[in-house]
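A.B. asks: sharing a sequence plus its predicted fold:
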Amino acid sequence: MSNHHLQTDQTGVLIFLRRIATLGRTGVLVGLSLVIFGCADRSKVSERRTFPAVAVPVLYSTQQAQAEFLTLHFWDQFDFKDTTWVGSAEKVTEQALINYLSILRYAPYPVICKGIQQLLDRADQNQAMYAFFYSRMEYHLANPKSMLRNDEFYIPVLEHMITSNSLDDPRKARVKTILPLLNKNRPGTQASNIHFTSVTGVKNALTNIKSDYILVVFYDFDCEDCSILKRSIEKSEIVLSLQKQKKLAILAIYPGSNMEGWKKSSPQIPASWINGYDHNDEIGRDGTYILRSIPTLFLLNRDYMVIMKEPPFDYVESYLKSVLAL
């Protein structure tokens, strides 16, 4: 599934949630099924099937209420005993899953956890069905290149896998090693401190930085994606505005070991950023931060509490814009 399709589907979900309240009062057919129908037609599956939609009661009139209902009831009409849904019609099912995962971000986290548990409980009735759902959820929620990547949604998937009747002990053992890593630096928890050294040799620490917000950028100097991100941050009007107001500090951290290359590349980092390297190798040796891809962002508040973990930069921009509007 291409990133383009994922982005289109997420946009469609948001449009659906915004417009659903304007539809007739006789009951609402889930608009997501329209996206799924189109995808199924394009994929030309051997059985031309459509995802069984649910009716959203008209009393759910707000976007959050609709998202909560769909988080818990999206799969109510789906037959988890029919393995053709993960066989010849698997593309239809995967598109439904993509739309479901796209909805979750609009619901409260406890509801999200409950919805994911319900989905996997139903799938756990059949090994093939369960294997499809946990593997595709892993792909979309844990893959660094996925637009749906979200550790907070992935954690309840892993927690369910540990208790599943469909998985053997070696598979569960692997899951048990992953969970503690994902639990580090979660949103709402205090970020691990970062001790670093600047290009001039001055030693410093994250907790010495005083600002309303701190954007931590883990980067590599020889990384095209890092260069693209740096340009996006530099051009961001909201970032520039908050920096001008002394409300946002940007800490760029190189977690590698090529000091000569890092020092030579240091002029590439904007002068308004704090640039340093992990001189104690705390990230690599102690795993204070689990960097599955580079670049990686963390947004912190003035108390060094994690607001966002590994978000796309446009999410950071949206959040900062909402802060500036207050």
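C.D. replies: Looks like it arrived, so ask away.

A.B. asks: restricting to C-alpha, output stretch 134-151 in PDB.
C.D. replies: Extracted in PDB, the C-alpha atoms of stretch 134-151 (Å, rounded to 0.1, in the frame of the first residue of the first chain):
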ATOM      1  CA  TYR A 134      -1.400  -8.600  14.300                       C
ATOM      2  CA  SER A 135       1.100  -8.700  11.400                       C
ATOM      3  CA  ARG A 136      -0.600  -5.900   9.500                       C
ATOM      4  CA  MET A 137      -1.000  -3.800  12.600                       C
ATOM      5  CA  GLU A 138       2.600  -4.300  13.300                       C
ATOM      6  CA  TYR A 139       3.500  -3.200   9.800                       C
ATOM      7  CA  HIS A 140       1.400   0.000   9.800                       C
ATOM      8  CA  LEU A 141       2.000   1.000  13.500                       C
ATOM      9  CA  ALA A 142       5.700   0.100  13.900                       C
ATOM     10  CA  ASN A 143       7.200   0.600  10.400                       C
ATOM     11  CA  PRO A 144       9.300   3.800  10.500                       C
ATOM     12  CA  LYS A 145       8.200   4.700   7.000                       C
ATOM     13  CA  SER A 146       4.500   4.200   7.600                       C
ATOM     14  CA  MET A 147       2.300   7.300   7.800                       C
ATOM     15  CA  LEU A 148       0.300   5.500  10.500                       C
ATOM     16  CA  ARG A 149       3.200   4.700  12.700                       C
ATOM     17  CA  ASN A 150       2.200   5.100  16.300                       C
ATOM     18  CA  ASP A 151       3.900   3.400  19.300                       C
END
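
A.B. asks: tell me the gap between it and the middle of its chain.
C.D. replies: Centre-to-centre, stretch 134-151 and its host chain are 8 Å apart (CA atoms, centre = their mean, to the nearest Å).

A.B. asks: try stretch 99-108
C.D. replies: Using CA atoms, centre = their mean, the mean C-alpha position of stretch 99-108 is found 11 Å from that of the whole chain.

A.B. asks: which of the residues in that stretch are buried?
C.D. replies: Neighbour counts over stretch 99-108 (16 or more other CB atoms under 10 Å) mark 99-107 as buried. Bear in mind the C-beta positions are built from the backbone N, C-alpha and C, glycine included.

A.B. asks: stretch 188-208 now?
C.D. replies: Applying 16+ other CB under 10 Å to stretch 188-208 flags 191-192, 194-196, 199, 204, 206 as buried.

A.B. asks: just stretch 284-302 next, same as before
C.D. replies: 288-291, 294-300.

A.B. asks: skipping adjacent residues, who's closest to residue 183 in space?
C.D. replies: Computed as CB to CB, 6 or more residues apart in numbering, the closest residue to residue 183 that is not its neighbour in sequence is residue 155, at 7.4 Å.

A.B. asks: and the next helix or strand past the helix or strand that neighbour falls within?
C.D. replies: Counting by DSSP states H and E, the element that carries residue 155 is helix 151-163. The helix or strand immediately downstream of helix 151-163 is helix 169-182, counting by DSSP H and E.

A.B. asks: that following helix packs against which elements?
C.D. replies: When contacts are defined as 3 or more CB pairs under 8 Å, 6 or more residues apart in numbering; DSSP states H and E, helix 169-182 packs onto helix 151-163.

A.B. asks: just list what the helix it packs on packs against, helices and strands only.
C.D. replies: Helix 151-163 packs on helix 109-123, helix 127-142, helix 169-182, going by 3+ CB pairs under 8 Å, 6+ apart.

A.B. asks: circling back to that earlier point, got the angle for the helix holding residue 155 vs helix 169-182?
C.D. replies: In terms of direction (axes from the mean of the first three to the mean of the last three CA atoms, to 10 degrees), helix 151-163 departs from helix 169-182 by 150 degrees.

A.B. asks: how distant is helix 151-163 from the center of its chain?
C.D. replies: In terms of CA atoms, centre = their mean, the centre of helix 151-163 is found 14 Å from the chain centre.

A.B. asks: count of residues packed around the residue nearest to residue 183?
C.D. replies: 18 (other CB atoms under 10 Å).

A.B. asks: contacts for stretch 246-261, please.
C.D. replies: Stretch 246-261 has contacts (CB atoms under 8 Å, 6 or more residues apart in numbering) with 194, 196, 206, 209-222, 233, 239, 242-243, 262, 269-270, 272-278, 281, 283-284, 289, 291, 320.

A.B. asks: now swap in stretch 291-302 and tell me
C.D. replies: Stretch 291-302 has contacts (CB under 8 Å, 6+ apart) with 144-145, 185, 191, 210-220, 223, 225-226, 229, 255, 283, 289, 306-311, 313, 316, 319.
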